[in-house]
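Student: Here you go, sequence then predicted model.
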Amino acid sequence: MAQINRQPHAPRITKVKNKSPAPMQITAEQILREALERQEAEPKPPKQKITDPEELADYRLRKRKAYEDAIRRQRQMMSTWIKYALWEESQRDFERSRSIFERALDEDYRNPTLWIKYAEMEMRNKNINHARNIWDRAVTILPRIAQFWYKYAYMEQIMGNHPGARAIFERWMKWMPDEHAWNSFIKFEMKLGEVDRARQIFERFVACHPYVRSWLKYGKFEERTGETTKARAVYERAVQLLGEDANDEALFIAFAKFEERSKEHDRARVIYKYALDHIPKQHAQELYKMFTNFEKQFGDRNAIEDVIISKRRFQYEEEIKLNPKNYDVWFDYGRLEETSGDIDKVREVYERSIANVPPAPEKRYWRRYIYLWINYALFEEMQAKDASRAREVYAECIKLIPHKIFSFSKIWVLYSHFEIRQKELSKCRLVLGNAIGLAPKPKIFQAYIQLEFQLGNFDRCRKLYEKYLELNAANCDAWNRFAQLERDLGEMERCRAIYETAISQPQLDMPEVLWKAYIDFEIEEQEYDNARALYKRLLERTKHVKVWISYAQFEKDIDDVERARQVYSQGFQALKNTEVKEERVMLIESWKDFETKEAQASGEDSKLQELIKKMPKRIIRRRPIKAPDGTEAGLEEYFDYIFPDEQAAAPNLKLLELAHKWKKQKQEDVPMKDSE
């Protein structure tokens, strides 16, 4: 009977019955991310202290075996080789470390990191000859790796072996590296003061890299060394040798700028004209712009105005005809005429622009317009050097502004600063005095007070502050500045009197800032009783939770813990009847943080445990929402807080809770009776 060869059954391939997509799609990336997040971190091995030579030898044997096994598994993993060699270095076994690096180089000698780590290891341990041999082998085998050359030359510079570093650079330059290598060689020679050697290197550099940027660096080098004739020769050679490549506007701009700096304006003009004749116009926009600026400074401006300024002037005139109150166009027009340098034309433009007064006496229409006057006055003072006309411009501007409706503090301050620059102190005071009379703005008072303070006229500063506060007694910033002035002068009683007068005002714009400044002043002066009295007076006016917290923090800062607890307790009771329970919650949270820190410091937590019993319970409640028309739009949930003292005072809550429990128990008992 024939024997039947039984083959193992292949796994049965199940057919997919439902090929519709799952309602929730999961990507492979999501699966991998979840697997990584759920992966438990490997426990770190315990630290081991080795005190016995035999134990040390055993430790080293185990480490070496682990590294050798890892290398045997993946010989191309250079990071393992490097870790192995650096570990041997840490064990001060340099021969083994060198052996490992050499074995790694046999595996992958084209790895730059391997060479660098090898050389740095020798350098760290001051084996300079070994490091020199390694760098020499590296640059011989891999001469295109610039990092080897940089580090090799830098090591020789650090060692003070400048001839050796120069020889390395010379070897490197034979490989015709990029521009950065040549720049490093040149900088090295310049550090040593070898200007002639650097010049020779530049000659080889422009021969190796015959580009415009190379010649520009060469020309700037000669200019920095003060060799004007040689720098000019470099630029001329660049134009001759580069041929068509020399038709680059950057080369001609640099050449012309060099001639400008050398005061050779005729040469610069010839260069600009030659460049414009040989470079296409679409590639010479910047060159044309520079030539225009050059002619404005040193050449015939009439020709330039015909080509450029006239065209732009015509454009501005057309826009002004369409809308004479387009002040942005007037700004550009005036700036254009200022660049032309014709003072009469500039004045004409400004006179025409300021004649277009805004149509209505509303400040929003005047905000841009007023800057025309400012620019006009600054032009007369700075460029035209005509102080009398600048004064007239300021005076006319002030006459034009309707101060009874609105005013501009900026124009008054600029006018006063102008008079100071003209050394007319009396006129400056007159201007600021008129400003206070016509438009008593805070900025004007501040500018006037700052002026008198710098002059040392402190009595005038006091009078100005008094006038300031007569006009606006609700300005807390003014009160603070006045008090700060007296404090800077050492008049503490005056400062305290000013603060007292300030807080007694019936109306203040920011009273909390004023009270805080007063309290901070007393604390800095270490008058803690006065500060405590101020807190109590403030709490008579307001029961805000931040005041209580600040008061308690103050007591804590001066190391009076019991007083701080009393403040927290008083604040907790005072905020009991407030409608906003969040304020009471804020206070008790701050109190809890305070007690927690005290318990940590003293080791006694009885006060903290008592306070925890007073902490509120947060519950969720619902309240109806009303639509804009008054109808009910549903319910919204909100958080409410129930304090233990409130719960004890409201027994109805306890009754409701018991009723709810009874109802729930009754519903659970009914099915049991039915089943019986």
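Tutor: On my side now, so go ahead. Computed from a predicted structure; not experimentally measured. Residues are numbered from 1 along each chain as shown.
Student: What are the contacting residues of stretch 501-521?
Tutor: Contact partners of stretch 501-521, identified using C-beta atoms under 8 Å, 6 or more residues apart in numbering, comprise 473-477, 479-480, 483, 487, 495-496, 499, 531, 534-535, 538, 550, 554. (Glycine included, C-beta is placed from N, CA and C.)
Student: So which bits of that stretch are buried?
Tutor: Within stretch 501-521, the residues that count as buried by 16 or more other C-beta atoms under 10 Å are 502, 503, 508, 511, 514, 515, 516, 517, 518, 519, 521.
Student: Looking at the residues you listed, spot the one nearest residue 316.
Tutor: Nearest to residue 316 among the buried residues of stretch 501-521, counting by C-beta to C-beta, is residue 508 at 51.0 Å.
Student: Tell me if the closest one really is in a helix.
Tutor: No - using DSSP: H, G, I helix; E, B strand; the rest coil, the secondary structure at residue 508 is coil, not a helix.
Student: Look up phi and psi at it.
Tutor: Backbone geometry at residue 508, expressed as degrees, to the nearest 10, gives phi -140, psi 150.
Student: Against residue 394, how distant is it?
Tutor: 35 Å (C-beta to C-beta, to the nearest Å).
Student: Does residue 18 belong to a helix, a strand or coil?
Tutor: The three-state label given to residue 18 by three-state DSSP is coil.
Student: ok, how many other residues are close to it?
Tutor: Neighbourhood size, residue 18 [other C-beta atoms under 10 Å]: 6.
Student: do the same with residue 21
Tutor: Residue 21: 7 neighbours (other C-beta under 10 Å).
Student: likewise residue 73?
Tutor: 9.
Student: picking up where we left off before, farthest-apart pair in the buried residues of stretch 501-521, please.
Tutor: 508 and 521 (16.7 Å).
Student: how much space between the nearest residue to residue 87 once chain neighbours are set aside and residue 70?
Tutor: Spatial nearest neighbour of residue 87, chain neighbours left out: residue 63 (6.5 Å); criterion: C-beta to C-beta, 6 or more residues apart in numbering. Separation of residue 63 from residue 70 (C-beta to C-beta): 11 Å.
Student: same question, residue 50
Tutor: 22 Å.
Student: and the two? which has more neighbours close in?
Tutor: residue 70 (16 against 12).
Student: need the contact list for the more buried one.
Tutor: 77, 80.
Student: Check for me that it belongs to a helix.
Tutor: Yes - using three-state DSSP, the assignment for residue 70 is a helix.
Student: taking the buried residues of stretch 501-521 one by one, which sit in helices?
Tutor: 502, 503, 511, 514, 515, 516, 517, 518, 519, 521 (DSSP state H).
Student: what about the strands in the chain?
Tutor: 617-626, 632-642 (DSSP state E).
Student: among these, which is nearest residue 442?
Tutor: strand 632-642 (42.7 Å).
Student: CA atoms of that closest one as CSV?
Tutor: These are the backbone C-alpha positions of strand 632-642, laid out as CSV (Å, rounded to 0.1, in the frame of the first residue of the first chain):
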residue,chain,number,x,y,z
GLU,A,632,-38.0,81.9,29.0
ALA,A,633,-35.3,80.4,26.8
GLY,A,634,-34.5,77.4,28.9
LEU,A,635,-32.2,76.7,31.9
GLU,A,636,-28.5,77.1,32.4
GLU,A,637,-26.2,75.5,35.0
TYR,A,638,-24.0,77.5,37.3
PHE,A,639,-21.9,76.7,40.4
ASP,A,640,-23.0,77.7,43.8
TYR,A,641,-21.2,77.4,47.1
ILE,A,642,-22.7,76.2,50.4
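Student: Tell me how the chain divides into domains.
Tutor: 61-142, 143-209, 225-289, 622-676 (automatic domain parsing).
Student: Adding distance to residue 576 and mean pLDDT, write those domains out as JSON lines.
Tutor: Below are the domains of the chain laid out as JSON lines (distance: least, C-beta to C-beta, whole Å; pLDDT from 0 to 100):
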{"stretch": "domain 61-142", "distance to residue 576": "67", "mean pLDDT": "91"}
{"stretch": "domain 143-209", "distance to residue 576": "74", "mean pLDDT": "90"}
{"stretch": "domain 225-289", "distance to residue 576": "76", "mean pLDDT": "82"}
{"stretch": "domain 622-676", "distance to residue 576": "7", "mean pLDDT": "65"}
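Student: Let's have these in a markdown table, adding distance to residue 327.
Tutor: What follows is those, written out as a markdown table (distance: least, C-beta to C-beta, whole Å):
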| stretch | distance to residue 327 |
| --- | --- |
| domain 61-142 | 63 |
| domain 143-209 | 50 |
| domain 225-289 | 27 |
| domain 622-676 | 43 |
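Student: Out of those domains, flag the one nearest residue 18.
Tutor: That would be domain 622-676 among the domains of the chain, by C-beta to C-beta, at 40.6 Å.
Student: show me where the stretch 351-500 of the chain has helices.
Tutor: For the stretch 351-500 of the chain, helices defined by DSSP state H, counting those that start in this stretch occupy the ranges 363-366, 369-378, 387-400, 409-421, 425-438, 442-455, 458-471, 476-488, 492-503.
Student: what comes up buried for the fifth one?
Tutor: This means helix 425-438. Going by 16+ other C-beta under 10 Å, helix 425-438 has these buried residues: 427, 428, 429, 431, 432, 434, 435, 436.
Student: and the direction of that helix versus that of helix 387-400, what angle?
Tutor: For helix 425-438 against helix 387-400, the angle by axes from the mean of the first three to the mean of the last three C-alpha atoms, to 10 degrees is 10 degrees.
Student: Which neighbouring elements make contact with helix 425-438?
Tutor: Packed against helix 425-438, as judged by 3 or more C-beta pairs under 8 Å, 6 or more residues apart in numbering; DSSP states H and E, are the following elements: helix 409-421, helix 442-455.
Student: For those helices, could you give me CSV that also reports distance to residue 194?
Tutor: Putting the helices and strands packed on helix 425-438 into CSV (distance: least, C-beta to C-beta, whole Å) gives the following:
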stretch, distance to residue 194
helix 409-421, 52
helix 442-455, 54
